[in-house]
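J.: Take a look and give me a structure for this.
(2 chains)
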Amino acid sequence: MTAPAEAPDPVDAHVAALSGLLRGPRRLTTRMLDELRDGLTDAVAAHRRDGVPPRRAAELAVRAFGAPEELAPAFQRELTIAQARRTARSAALAVPFAAACWLLLRTAGSGAWAATSGASHALALTSGLLLGVAAAASALAGVGLALSGPLGRRLPTPARLPSMVAWAGTAAGLALAGATVALALLALLGATWPAAVAAGAVAAASHGVVASSARACRRCARLPVQPVHT
Amino acid sequence: MRTDAVRGHLDGILLAVLEPGPLHGYAIITAVQRRSGGVLELRTGTIYPALQRLERLGLLRSHWDAVGERRRRCYALTDAGRAALTEERSAWREFTAAIGAVLDPATPGAAGGPAAGLAT
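T.: Now for the predicted structure:
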């Protein structure tokens, strides 16, 4: 006969349940949950000072803080906005970097850049157009970054802002990858292998950083959030 | 007092209790309860995302502080936070004076108060 399993600590169970409902940047999620746990620990200690037994004190503290399902939308709102801001920042950093690579390759490029027709001309045109698309999407994401920062004191943060940033980031990631692949092919046509390798590396890095952040942002934006009442 | 009634004023309440100096999350909760004489009911856990929001807007700054053997996240007003608190107070006084003049017109000074500007 086995002894009955001990019920989990209400504070641990509460924090774990809330953690399971949240999606967002790991560092901020951990920080907010650590703060919540600190608060619960303080609340339990306050009840204990009033002579409440330990388990009952933990149950009272958890009840006062609110059920995980009640708290999750308020926590998720901040996490979703934080993920959107991260996506906007990554797009804002990656696009100028890719544009600098484009300029560098063009400056150091061979006759492939000067072609007025054929595959080289099409690739040069395509890479420039895709960089333009990436820059426009990055600027749109930048608007989201501004609206969710200190500017948000004067202007309300639109509820659909994280979705807008997520899709702008997705567009920027795809355009960056496409532009840099076109640059790599252009470098290959011009037989400049080091440039082709560099362009390929930029493609992988830009797509990896921006697109993965945008994907996480899309996942966050699908979760329910609590509107702000100020 | 219902949580819903407090929610619209949560920013101002949090800024006000931080005016005297930095506090960590649970100390903010107890400060609100103490100042309101236990009348204001907050869904305690929602304080943390509210503090994060005010920090994102640049009204608060925070840092980890060692308290005994534990580390706690402490919040303090920024200059923008102090300015926002001044605005919140001013708006609240105008609002309560106007509503008071309507609900209780016998109150001395109500006729010449802010309510006079509401006549349409």
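J.: In the chain, where's the longest helix?
T.: In the absence of a named chain, this looks at chain A. When chain A is parsed with DSSP state H, its longest helix is helix A:68-108.
J.: sorry, should have said chain B
T.: Identified as the longest helix of chain B according to DSSP H is helix B:79-103.
J.: returning to that earlier point: helices and strands around the longest helix of chain A, which ones?
T.: Judged by 3 or more Cβ pairs under 8 Å, 6 or more residues apart in numbering or on different chains; DSSP states H and E, helix A:68-108 is in contact with helix A:10-21, helix A:26-49, helix A:118-147, helix A:161-189, helix A:193-206, helix A:212-221, helix B:47-56. Every residue, glycine included, has its C-beta placed from N, CA and C.
J.: worst average pLDDT in those helices?
T.: Ranked by mean pLDDT, the helices and strands packed on helix A:68-108 end with helix A:193-206 at the bottom, a mean of 74.
J.: dump the residue contacts of the spatially most central residue of chain A.
T.: Of all residues in chain A, the one closest to the mean position by Cα atoms, centre = their mean is A:Gln83, 3.5 Å from it. Counting by Cβ atoms under 8 Å, 6 or more residues apart in numbering or on different chains, A:Gln83 touches A:Arg23, A:Gly24, A:Pro25, A:Pro162, A:Ser213, A:Ala216, A:Cys217, A:Cys220.
J.: what do you get for A:Phe65?
T.: When the contact criterion is Cβ under 8 Å, 6+ apart, the partners of A:Phe65 are A:His14, A:Leu36, A:Gly39, A:Leu40, A:Ala43, A:Leu71, B:Arg43, B:Thr44, B:Gly45.
J.: and B:Glu55, how many neighbours does it have?
T.: 17 (other Cβ atoms under 10 Å in any protein chain shown).
J.: Please determine how far it is located from A:Pro158.
T.: As judged by Cβ to Cβ, to the nearest Å, B:Glu55 and A:Pro158 stand 20 Å apart.
J.: now B:Val32: how far from chain A?
T.: Computed as Cβ to the nearest Cβ, to the nearest Å, the B:Val32 to chain A distance reads 13 Å.
J.: List the buried residues for the helix or strand encompassing that residue?
T.: Element membership of B:Val32, judged by DSSP states H and E, is helix B:25-35. Applying a neighbour-count criterion of 16 or more other Cβ atoms under 10 Å in any protein chain shown, one finds B:Gly25, B:Tyr26, B:Ala27, B:Ile28, B:Ile29, B:Thr30, B:Ala31, B:Val32, B:Gln33 buried in helix B:25-35.
J.: Next: stretch A:148-165.
T.: Buried-residue list, stretch A:148-165, by 16+ other Cβ under 10 Å: A:Ser148, A:Gly149, A:Gly152, A:Arg153, A:Thr157, A:Leu161, A:Pro162, A:Ser163, A:Met164, A:Val165.
J.: My understanding was that the fifth one contacts A:Ile81; is that so?
T.: Yes - shown here, A:Thr157 and A:Ile81 form a contact pair, counting by Cβ atoms under 8 Å, at 7.1 Å.
J.: any residues in contact with both of these two?
T.: Common neighbours of A:Thr157 and A:Ile81, using Cβ under 8 Å, 6+ apart, are A:Ser148.
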